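**Q** make a model of this:
(one chain, ligands or ions: 1)
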Amino acid sequence: MSNMNRQWRLTGRPVGEDFDSVMEFGEEPIKSPGDGEFLVKNLHLSLDPANRAWMNEGDTYKAAVPLGGVMEGFAVGVVEESKNSGFAVGDTVSGMGHWEDYSVTNGQGWAKSPDLGKQTFDAHLGVYAIVGPTAYFGLLDICDPQPGETVVVTTAAGAVGSLVGQIAKIKGCNVIGITGTDEKCNWITEELGFNAAINYKTEDVPAALAKLCPNGIDCHFEQVGDADILDAVLTLMNEKGRISLCGWISAYNMTEFPAGPRGLLNLIVKSIKMEGFVVLNFFDQMERCYADLAKWLDDGRLKYRVDMVDDLADAVDALHTLYSGANQGKLIVKVQDDPALN
Ligand code: NAP
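**A** Next up is the predicted model:
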């Protein structure tokens with residue numbers, strides 16, 4: 001094994017989508033863990049839309065990445081060396097790590113990964129680590145969808161959205177997905193069982209929603225923040241409808257936050273609940289989530305696809321695909337080869 005650690009460092013605060021100019025790829029010797037720490041060999045790194053927001057000056061739901069610091073991201077890996085009694089050499093662990101080959105941590109924000117059973121290693125980030133719990137808690141705990149209800153989801157073919165739609169189907173709902181290509185529309189209807197899909201780049205979304213939701217919308221899972229689409233949804237929402245605010249990807253690269261929807265009066269007159277959430281706040285309830293996700297994966301009712309990037313050096317280029325829509329499923333960087341990767 002080489003004793004060098006490849007890393008991406010953040011050297012400035014980006015403007016718009018030009019984060020390439022403030023990300024620097026280099027290497028330094030691998031550090032050894034001190035007392036209470038352990039060394040993780042990172043195998044898979046999750047690239048997430050929110051990574052861009054963490055590069056900004058201001059804090060979000062977590063502190064901003066410090067200037068000069070190694071870029072942060074969710075990772076899954078194997079413990080190589082440990083001076084922490086909670087983690088043993090050989091444990092598969094996941095947590096808030098860094099864009100690098102090897103990370104030293106005191107274990108804060110890290111946990112042992114769930115047993116994958118018959119699933120392949122990419123299920124750690126493809127389902128369990130962030131996106132599955134986001135879909136699970138954001139849909140079930142906030143929207144509480146009931147059999148026969150109509151559920152609408154944006155970025156419906158993405159890592160979170162594709163799971164949201166399938167969980168809503170498992171709950172017996174009529175599911176409409178909104179996404180950006182015909183291929184994605186076909187995948188979610190033909191492979192994942194969504195009832196219908198709308199291509200927001202080529203179709204009139206308000207008209208399509210009105211046609212596909214003759215009985216109105218009961219639950220909406222929002223990940224984009226497009227004011228026109230949100231207004232169309234608000235107009236069609238039924239009384240006592242529930243809206244889960246998960247993401248606002250249309251604005252992550254903007255320098256000024258765009259105007260929001262105008263139809264918020266619907267929340268009052270139709271007694272609609274609209275609630276935002278951060279998945280990190282549900283981490284004390286993971287057991288029931290993992291149990292359900294494992295059951296649905298094993299019985300074939302939950303499918304996922306991953307978009308695997310084979311080199312850590314390509315991580316910055318790959319991050320752009322989340323904002324162009326070129327990613328096909330959960331975007332993951334394979335950091336290193338390892339026998340654990342099956
Ligand atoms: P993803 O959906 O796999 O990838 C992002 C997708 O967003 C793209 O493929 C693209 O799909 C769509 N998109 C990008 N820019 C857009 C724009 N301007 N307008 C409309 N659609 C756009 O990513 P993900 O990891 O599953 O994340 C989806 C959302 O969930 C993000 O907003 C993310 O921040 C949020 N999230 C929230 C939490 C939480 O705790 N609240 C946790 C994880 C993720 P199309 O081809 O459909 O355009």
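
**Q** in which helix or strand does the residue of the stretch 201-342 of the chain found nearest the ligand reside?
**A** Closest residue of the stretch 201-342 of the chain to the ligand, C-beta to the nearest ligand atom: G247 (1.9 Å). To be clear about C-beta, it is placed using only N, CA and C from the backbone, and glycine gets the same treatment. Per DSSP states H and E: G247 is located in neither a helix nor a strand.

**Q** who are the contact partners of it?
**A** Contact analysis of G247 by C-beta atoms under 8 Å, 6 or more residues apart in numbering lists P49, A50, T155, V160, E222, Q223, V224, G225.

**Q** redo the residues you listed as TSV? Include distance to G77.
**A** As requested, the contacts of G247 are exported to TSV (distance: C-beta to C-beta, whole Å):
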residue	distance to G77
P49	22
A50	20
T155	27
V160	22
E222	32
Q223	28
V224	31
G225	33
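
**Q** tell me the pLDDT of T60.
**A** You'll see T60 listed with a pLDDT of 88.

**Q** without its sequence neighbours, what residue ends up closest to it?
**A** With sequence-adjacent residues excluded and distances taken as C-beta to C-beta, 6 or more residues apart in numbering, T60 is closest to A53, at 5.1 Å.

**Q** ok, T321 next?
**A** In this structure, T321 finds its nearest non-sequential neighbour in N327, 4.3 Å apart by C-beta to C-beta, 6+ apart.

**Q** how about that neighbour, phi and psi?
**A** For N327, the backbone dihedrals (degrees, to the nearest 10) come out as phi -70, psi 140.

**Q** check whether it really touches V306, as I assumed.
**A** No - assessed by C-beta atoms under 8 Å, N327 is found out of contact with V306, at 9.6 Å.

**Q** who's more crowded, the two?
**A** Taking other C-beta atoms under 10 Å, N327 and V306 do not tie; N327 has more neighbours (23 against 20).

**Q** within reach of the ligand, which of the contacts of G247 are there?
**A** Taking C-beta under 6 Å from any ligand atom, the overlap between those and the neighbourhood of the ligand is P49, A50, T155, V160, Q223, V224.

**Q** and the fifth one, what is it in contact with?
**A** Same thing as Q223. V153, T154, T155, G158, V160, G161, C246, G247, W248, I249.

**Q** are any of those residues buried, and which?
**A** Neighbour-count burial (16 or more other C-beta atoms under 10 Å) is assigned, among the contacts of Q223, to V153, T154, T155, G158, V160, G161, C246, G247, W248, I249.
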